[in-house]
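Enquirer: A structural model of the following input is requested.
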Amino acid sequence: MQFIRKSQRKGSRSAQNIKQFKQSEQKMTLFEMFERFMVFKQTEGLAKPTIQGYYEHFHYLNDYLGGDVPNEEITVELFRYYIGYMLNDQGLKPTTVNVRIRTNRAFLRHCYQEGWIEIPIHYKFKPIKTPEDEIQSFTPAEIKALLNQIDDSRFVGFRDKVMIYVLLDTMVIISELLNMRRSNVDLKSGYIKLEPRETKTKRSRSVPISTKTIKLLEEYMRESDDFGSEYLFVSIKR
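Expert: Presented below is the predicted three-dimensional model:
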């Protein structure tokens, strides 16, 4: 029988990684590790909402901890207690907690791979098992009732109405809607192009719009032309 050397086993730590950990063990803190982690993440070309999510979820963890901690105090128990705190003390839904768990695990995985922490904490806790929720959608009557509440005689109301029509046609997420540019709209062909830098998947795609939405967008773009903004949906500054 052949035995696999420890240095060649999956998940084993190399002598170099152990050496790196010992050299940095007394100096690294949670904040320092996160700053280095985000420098790495920003080189991966991730979408802005994804980067913002990492910062937002780290902020929640920081609020729980009450400040910075050295790396030797970063343990499995710390994160297990944090999960319990989110579920029981804050009353957050498991789906919300799972989003924060996934970003924390990605951060801890990177810390372990870089030799900043000695134990692979990310292996020790996983997202919570949750039943799949049935996605509820608006009925045609509910959509009509929603649109009837909008005063489209004013610019802001008309803008909101057009935004709802675009959302219904394209099924884009809110960040994609807000990042649409006037140059992305092709009224003649009936498509709106989504730039890869503005989508969560980092892929370009063209989404179709209906004849009704084309007419509304044509009118809206004429009215908002004086704003001089490259973005499609704008706000009035007071």
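Enquirer: tell me which helix or strand of this protein sits lowest on mean pLDDT?
Expert: For the chain, using mean pLDDT, DSSP states H and E, the weakest element among its helices and strands is helix 15-24, scoring a mean of 48.
Enquirer: test my guess that Ser210 contacts Leu187.
Expert: No. Ser210 is beyond contact range of Leu187, at 11.9 Å (criterion: C-beta atoms under 8 Å). Where you see a C-beta, it was placed from the backbone N, CA and C, and this is true even at glycine.
Enquirer: between the two, what contacts are shared?
Expert: Here Ser210 and Leu187 have no joint contacts, going by C-beta atoms under 8 Å, 6 or more residues apart in numbering.
Enquirer: now do the strands in the chain.
Expert: All strands of the chain, identified by DSSP state E, fall at 185-186, 191-194, 205-208.
Enquirer: got CSV for the ones you listed, with mean pLDDT and distance to Ser229 too?
Expert: What follows is these, written out as CSV (pLDDT from 0 to 100; distance: least, C-beta to C-beta, whole Å):
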stretch, mean pLDDT, distance to Ser229
strand 185-186, 95, 13
strand 191-194, 92, 16
strand 205-208, 90, 21
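Enquirer: quick one: low-confidence ranges for this structure?
Expert: The chain contains residues with pLDDT under 70 at 1-26, 132-135, 198-201, 237-238.
Enquirer: grab the most central residue of it for me.
Expert: Geometric centre of the chain, nearest residue: Thr50, 3.5 Å, by C-alpha atoms, centre = their mean.
Enquirer: count of residues packed around Leu61?
Expert: The number of residues packed near Leu61 is 18, by other C-beta atoms under 10 Å.
Enquirer: same check, this time on Pro49
Expert: Using other C-beta under 10 Å, the number of residues around Pro49 comes to 16.
Enquirer: how about the nearest residue to it, chain neighbours excluded?
Expert: Once flanking residues are discounted, Pro49 sits nearest to Ser175: 5.0 Å by C-beta to C-beta, 6 or more residues apart in numbering.
Enquirer: what's the end-to-end length of stretch 86-100?
Expert: Stretch 86-100 has an end-to-end distance of 10 Å (C-alpha to C-alpha, to the nearest Å).
Enquirer: also stretch 114-125?
Expert: 20 Å.
Enquirer: check the gap between Phe155 and Ile143 for me.
Expert: Phe155 sits 22 Å away from Ile143, going by C-beta to C-beta, to the nearest Å.
Enquirer: and the longest helix along the chain, which residues are buried?
Expert: Across the chain, the longest stretch assigned as helix under DSSP state H is helix 94-113. The neighbour-count check on helix 94-113 (16 or more other C-beta atoms under 10 Å) flags 94, 97-101, 103-105, 107-108, 110-112 as buried.
Enquirer: can you list the helices and strands that that helix packs against?
Expert: Judged by 3 or more C-beta pairs under 8 Å, 6 or more residues apart in numbering; DSSP states H and E, helix 94-113 is in contact with helix 30-42, helix 48-65, helix 76-84.
Enquirer: dump these to CSV, plus distance to Ile121.
Expert: Below are the helices and strands packed on helix 94-113 laid out as CSV (distance: least, C-beta to C-beta, whole Å):
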stretch, distance to Ile121
helix 30-42, 12
helix 48-65, 13
helix 76-84, 5
